[in-house]
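S.K.: Quick one, what's the 3D model for this:
(chains A and B)
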Amino acid sequence: MKYRIHLFLLFAAFALVLISLLHLFVGQIPLSFSDFFAAFFKNSPLSTNELLMREFRIPRLIMAIVGGGGLALAGMLMQTLFNNPLAGPYVLGINSGSSLLVALSTLTGFTFLGSQLNIVFAAIVGAFIFGMIILLFSLSVKSHISLLLIGLMLGSFTFAVVSILELSAAAEQFKSFAVWGMGSLQQVEMSQVPLILLFFFGSVLSSFLLIKPLNMLVLGEDSAVMLGLSLRKTRILIISVTALFTGLITAYCGPIAFVGLAVPNITKLLFRTQQHAWLIGGNLIIGALFLVSCDVLIQYLEETIHLPLNALTSIIGAPFVIFILIKKVR
Amino acid sequence: MICFKNTHVGYKTSLFEINDVCLYTGKMYLLAGKNGTGKTTLLKSLVRSIPLHGGRIELNGNDLHQLEKRMLPQLVAFVESRFNGIPFLTLKDYVSLGRSPHTNAFGRLKESDTQKTLEVMRLLNISDYQDKFTDELSDGIRQLGAIARALVQEAPILLLDEPTAFLDFENKDLLMKTLKEIAVSQNKCIICSSHDLDLSIELALSTLAVSSKENKLVLLESPQNKQEIIGLIC
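M.R.: Model prediction:
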């Protein structure tokens, strides 16, 4: 049992290191290790390659790791909370909440906070609001599929509102929002990385604090409550952490579909356990591995065809959802 | 000790009432009644899943509904009538989740928690299945697993909702005998709803009969035969 999990964790971690190195050093312009160290330790003017490493390659890799790991964890949280293998931040429309508020703030110019924090804040608040909406619906809807339909409707609703906003927005804002909507790991600069990592590690830490409630929720809400779980507190905490992950990632990368649905299922199939201490670690590493691999593929194919990230994850993710529907839910 | 004081069981309407009935530890009670008379509702009222329609229930002299919610799992454990199993959850992990009320904020199992889990699984003869996934076990073993989970909770009151409904004759017999032994050896108050009145007579269990004519719960300390109980509940 444990042996199997250790083996998979070790293997996935090793693969992640390898693919990350590939991501960093093998691109249209091959870079060297000295560029890598220079990106961190050199203050004096940087050469083009060193600059490329510091301002593009490293932030992009970090975003791929944060995005993959974070969305996978958010998906795991949703799946355990709703006891539904088809749940995930994207299918439940939690991304849509981020999109809606980001659209409102970028397209209309309405701001909550200062410039950089503004989009992040809007995205997290949007994700939290839509998370709470889904939670409220889940109290009266018992079927797994119905909940997904509600998520789909939230998505359609958002899409409609965003379309209206887009038409009345200025051309420049319209373009920047459209690009954001395709999903991309390239929008992040080195200066934003510390803030992203702070949010990310905060959310990961919070997930580890939720291990006991998550393990209890596996028994079903009724049984968990009879074992002393405070349901209301747990639900709000789980939705909050999910909103932090989803909002953060959606703000910087745009919507990324299906990672949050597919990776937690894959992790569970590989690890064959319901102990969330292992599942959290597994989702972080396998999620990161998945998204870094996708991005390596995107970079590799860049000369032939331009693949938006969201399109690639959907091409892989959508058939996977059908597979799970047939195999598990029926 | 559980005492019912003018208790009206029911959610929106009162299903039946219980007047001055007290139940004690070290004993097993069979809860009998026709379908839909409110046996499950009574059990769920005792874990506070369902509020009472009126009156009160006392646990060792304290009002059940005044107790702090987080204290409850240390006093009452509940086994639902059917556990369908959960994919990738091993029997051992499942049973040890019953220790949740005793573990720290991370749910970390101490050596004593693991010992308790293994001890209860041995007692119910399911140790051989500890590494099997709960959705791959037979109905009987799974039901024993659910009972093991409630036992490791170490609550003095154990409630079971028709635990024998999906068991064959042999397992039924064995389960009820084991439960009665546990009630005595571990000094627990066990209340078990069932339609198996024969077992009640065979094992000389005290019977709580829901009389659907009078909408009342009657305690029969030692019913002599099946007819006596049937006469009451019908």
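S.K.: How about chain B: which residue is closest to chain A?
M.R.: B:Gly107 (3.4 Å; CB to the nearest CB). C-beta here means a position set from N, CA and C on the backbone, and glycine is covered the same way.
S.K.: how about the residues of the stretch 151-300 of chain A that lie near chain B?
M.R.: Neighbours of chain B within the stretch 151-300 of chain A, by CB under 8 Å from any CB of the partner chain: A:209, A:211-212, A:215-216, A:218-219, A:222-223, A:225-230, A:268, A:271-275.
S.K.: How many neighbouring residues does residue 152 have?
M.R.: I'll assume chain A. 14 (other CB atoms under 10 Å in any protein chain shown).
S.K.: Sorry, I should have been clearer: chain B.
M.R.: So B:Val152, with other CB under 10 Å, has 24 neighbours.
S.K.: With B:Thr25 instead?
M.R.: 16.
S.K.: Provide the backbone phi and psi angles at it.
M.R.: phi -70, psi 160 (degrees, to the nearest 10).
S.K.: Is it in contact with B:Asn60, as I believe?
M.R.: No: using CB atoms under 8 Å, B:Thr25 is not in contact with B:Asn60, being 9.6 Å away.
S.K.: Now for B:Val79: which residues touch it?
M.R.: Residues near B:Val79 by CB atoms under 8 Å, 6 or more residues apart in numbering or on different chains: B:Ala146, B:Ile147, B:Arg149, B:Ala150, B:Leu158, B:Leu159, B:Leu160, B:Asp161, B:Pro163.
S.K.: Kindly recompute the last result at 7 Å.
M.R.: B:Ala146, B:Ile147, B:Ala150, B:Leu159, B:Leu160, B:Asp161, B:Pro163 (CB atoms under 7 Å, 6 or more residues apart in numbering or on different chains).
S.K.: and if you look at B:Lys132?
M.R.: Contacts of B:Lys132 (CB under 7 Å, 6+ apart): B:Thr90, B:Leu91.
S.K.: Can you pull the phi/psi pair for it?
M.R.: Per degrees, to the nearest 10, the backbone of B:Lys132 is at phi -80, psi 150.
S.K.: With B:Gln74 instead?
M.R.: According to degrees, to the nearest 10, B:Gln74 has phi -80, psi -10.
S.K.: which residues of chain A fall in strands?
M.R.: Counting by DSSP state E, chain A forms no strands at all.
S.K.: okay, and the helix or strand of it with the least pLDDT?
M.R.: One helix or strand of chain A scores below all others by mean pLDDT, DSSP states H and E: helix A:171-182, with a mean of 77.
S.K.: send the alpha carbons of it over as CSV?
M.R.: C-alpha atoms of helix A:171-182 as CSV (Å, rounded to 0.1, in the frame of the first residue of the first chain):
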residue,chain,number,x,y,z
ALA,A,171,-10.7,47.6,-28.7
GLU,A,172,-7.5,47.4,-26.7
GLN,A,173,-9.2,46.2,-23.5
PHE,A,174,-11.2,43.7,-25.7
LYS,A,175,-8.1,42.2,-27.1
SER,A,176,-6.3,41.9,-23.8
PHE,A,177,-9.3,40.2,-22.3
ALA,A,178,-9.7,37.8,-25.3
VAL,A,179,-6.0,36.8,-25.0
TRP,A,180,-6.4,36.2,-21.3
GLY,A,181,-9.5,34.0,-22.0
MET,A,182,-7.4,31.6,-24.0
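S.K.: spatially speaking, which residue is in the middle of chain B?
M.R.: In chain B, the centroid-proximal residue (CA atoms, centre = their mean) is B:Leu159; its distance is 1.6 Å.
S.K.: any idea which element that residue lies in?
M.R.: With elements taken from DSSP states H and E, the one containing B:Leu159 is strand B:157-161.
S.K.: what about the residue of chain B closest to chain A, how many residues close to it?
M.R.: For B:Gly107, the count of nearby residues is 20 (other CB under 10 Å).
S.K.: contacts with chain A among the contacts of B:Val79, please.
M.R.: When CB under 7 Å from any CB of the partner chain is applied, no member of these is adjacent to chain A.
S.K.: I'd like those as CSV, with pLDDT appended.
M.R.: Output for the contacts of B:Val79, formatted as CSV (pLDDT from 0 to 100):
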residue, pLDDT
B:Ala146, 95
B:Ile147, 94
B:Ala150, 96
B:Leu159, 97
B:Leu160, 96
B:Asp161, 94
B:Pro163, 90
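S.K.: which non-adjacent residue is nearest the residue of the stretch 201-330 of chain A found nearest chain B?
M.R.: At 3.4 Å from chain B, A:Lys212 is the closest residue in the stretch 201-330 of chain A, using CB to the nearest CB. Sequence neighbours aside, B:Gly107 is the residue nearest to A:Lys212 in space, at 3.4 Å (criterion: CB to CB, 6 or more residues apart in numbering or on different chains).
S.K.: try A:Phe130
M.R.: In space, A:Phe130 is closest to A:Gly97, 2.8 Å off (CB to CB, 6+ apart).
S.K.: Isn't the one you found up against A:Met132?
M.R.: No: the criterion here is CB atoms under 7 Å, and A:Gly97 misses it with A:Met132 at 9.2 Å.
S.K.: okay, the two: which has more neighbours?
M.R.: For the pair A:Gly97 and A:Met132, the greater number of neighbours falls to A:Gly97 (31 against 17), based on other CB under 10 Å.
S.K.: Give me the neighbour count for the closest residue to A:Arg4 other than its chain neighbours.
M.R.: Residue nearest to A:Arg4 in three dimensions, not counting chain neighbours: A:Arg272, with 6.8 Å by CB to CB, 6+ apart. A:Arg272: 16 surrounding residues under other CB under 10 Å.
S.K.: Go ahead and confirm A:Arg272 touches B:Leu89.
M.R.: No: the criterion here is CB under 7 Å, and A:Arg272 misses it with B:Leu89 at 9.8 Å.
S.K.: The top helix by length along chain B to strand B:157-161, inter-axis angle?
M.R.: Ranked by residue count and defined by DSSP state H, the top helix of chain B is helix B:169-185. Counting by axes from the mean of the first three to the mean of the last three CA atoms, to 10 degrees, helix B:169-185 lies at 160 degrees to strand B:157-161.
S.K.: Flag every buried residue along helix B:169-185.
M.R.: B:Asn171, B:Lys172, B:Asp173, B:Leu175, B:Met176, B:Leu179, B:Lys180, B:Ile182, B:Ala183 (16 or more other CB atoms under 10 Å in any protein chain shown).
S.K.: then that helix to CSV, C-alphas only?
M.R.: The C-alpha trace of helix B:169-185 is given here as CSV (Å, rounded to 0.1, in the frame of the first residue of the first chain):
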residue,chain,number,x,y,z
PHE,B,169,-29.4,-16.1,8.6
GLU,B,170,-26.1,-17.3,10.0
ASN,B,171,-24.5,-13.9,10.0
LYS,B,172,-27.6,-12.3,11.5
ASP,B,173,-27.5,-14.7,14.5
LEU,B,174,-23.7,-14.3,15.0
LEU,B,175,-23.9,-10.5,14.8
MET,B,176,-26.7,-10.1,17.3
LYS,B,177,-25.0,-12.5,19.7
THR,B,178,-21.7,-10.6,19.4
LEU,B,179,-23.5,-7.3,20.0
LYS,B,180,-25.1,-8.6,23.2
GLU,B,181,-21.7,-9.8,24.4
ILE,B,182,-20.2,-6.4,23.7
ALA,B,183,-23.0,-4.7,25.6
VAL,B,184,-22.2,-6.7,28.7
SER,B,185,-18.4,-6.9,28.4
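S.K.: tell me which strands and helices it is in contact with?
M.R.: Secondary-structure packing of helix B:169-185 (3 or more CB pairs under 7 Å, 6 or more residues apart in numbering or on different chains; DSSP states H and E): strand B:27-32, strand B:189-193.
S.K.: ok, the residue nearest the centre of chain A - contacts?
M.R.: By CA atoms, centre = their mean, chain A has its centre lying nearest to A:Leu71, at 2.5 Å. Residues near A:Leu71 by CB under 7 Å, 6+ apart: A:Pro89, A:Phe245, A:Ile249, A:Ile256, A:Val259, A:Gly260, A:Gly287.
S.K.: got the domain boundaries for chain B?
M.R.: Structural domains assigned to chain B are B:1-75+B:156-234, B:83-154, following automatic domain parsing.
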